[in-house]
Structure formats: C-alpha cells, structure tokens
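**Q** take this sequence and fold it.
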Amino acid sequence: MKKLLFISILGLLSCNRNTQQAHPPVGGVLSQNDLDISKQRMKNLNGVERIHIQHWIDNQSVKYYPMALNYWVNIDGFNQREKRKDNTFISYSYDLYDFDQTKIYDSPIQRREARFGHFDELKAVEDALRHIKDGEEVTLLVPSSLAYGTYGDEKKIDNDVPLIIKLKAL
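**A** As a prediction, the model looks like this:
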C-alpha cells in the first residue's frame, strides 16, 4: 500500500514538474527570499502558539510567568535570579508533555554533570537550568521554535509542536 501511494505521488509530482519550486538539499544554500519566507512563517507560527499557550494558561489553576526567551515558568521571579555561569556543572532530568498533558516518553531525559557552555540542549531547558536551584522543580511552557522546531525529534515529537517540560535539577 505504501509503495502504491509513493508511486502515485511520484507520478503526480513528475506531471507537474514545470511549476515546482526547486529546494536545495539539507545544508544547501537558500536565497534571501526563501529565508525571508521561512522567517515570516516562524513568526506567524510563534504568534499562533503564544495565543494557544496563553489560552491554556488562562484555564489553569497554577500561574505561569513569561521569560525573556519566549517561554513561561510556574515560579514567580524566576527570571530575576542570578544565572549560573559557563563551565559550572549541573545534573538534571525532565519529562516532555504535549498540551493535552500526555506524557511523550515513558522515562525522563537525564543528564549527569553537564557543563554549561559545553552541552547541547533545548534552548528553553538550558535557559531555565541557568536560573533553577539545586533540587528544585519547574514547569516550562515552550513554543515549538524553542523545542524541536520544524523538524521534530525524528522519534515521537512531530514538527511544530509546543511542549510542556517538567524540569528538575538533581
């Protein structure tokens, strides 16, 4: 069935060859127009997601507070705390949820002795880790642009999915 669908789509695409826009391969060079279109798409998507997240917040009993990086936390004054410096170590774990509050992975994502400035993490998680106290738990509401963006995680998280992240400093 998949082969039949693939062949059908391939046939349709080849019939319409003259009107198709050519896309460079991954890592290829995009024109300024393509970059502007992509930037505008992300700006529009971010606006829609912010409205969706704000509506979700309005229906919760817990208060959430905006952070400068474009995500929300459930701790007042979180963004006013002193930040951890580069080259300091932290151990942490987090669970990922969608906005239906369905847990995405059965087990949490964990890192031991990660060093700031030398680990690759979701931008919102890294920013929150700089403010979190040892042993503290915080919930992050993260638009897709700060989560897995337009590609997803290539496992269970699709593209353009905002996330709820329950983060704990160990």
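
**Q** may I see the buried residues of the longest helix seen in the chain?
**A** Longest helix of the chain, by residue count under DSSP state H: helix 32-58. Within helix 32-58, the residues scored as buried using 16 or more other CB atoms under 10 Å are 42, 45-46, 49-50, 53, 56-57. All C-beta atoms are positioned from the backbone trio N, CA, C, and that covers glycine.

**Q** ranges for the strands of this protein?
**A** Ranges of strands in the chain, per DSSP state E, are 65-66, 72-73, 89-97, 109-115, 137-142, 163-169.

**Q** mind checking those for the one nearest to S38?
**A** strand 137-142 (20.1 Å; CB to CB).

**Q** can you redo the strands of the chain as TSV with mean neighbour count, distance to K155 and mean pLDDT?
**A** Compiled in TSV, these are given as follows (neighbours: other CB atoms under 10 Å; distance: least, CB to CB, whole Å; pLDDT from 0 to 100):
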stretch	mean neighbour count	distance to K155	mean pLDDT
strand 65-66	14	29	96
strand 72-73	23	25	98
strand 89-97	18	11	96
strand 109-115	13	11	93
strand 137-142	21	17	98
strand 163-169	20	13	97
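
**Q** Y151 is nearest to which of those?
**A** Taking CB to CB, strand 163-169 is the member of these nearest to Y151, at 14.1 Å.

**Q** what strands flank the closest one, and is each parallel or antiparallel?
**A** Using DSSP bridges, the strands paired with strand 163-169 are strand 89-97 (antiparallel), strand 137-142 (antiparallel).

**Q** picking that back up, so how far is the longest helix of the chain from its chain's centroid?
**A** 12 Å (CA atoms, centre = their mean, to the nearest Å).

**Q** okay, now the unreliable bits of the chain?
**A** The chain contains residues with pLDDT under 70 at 1-30.
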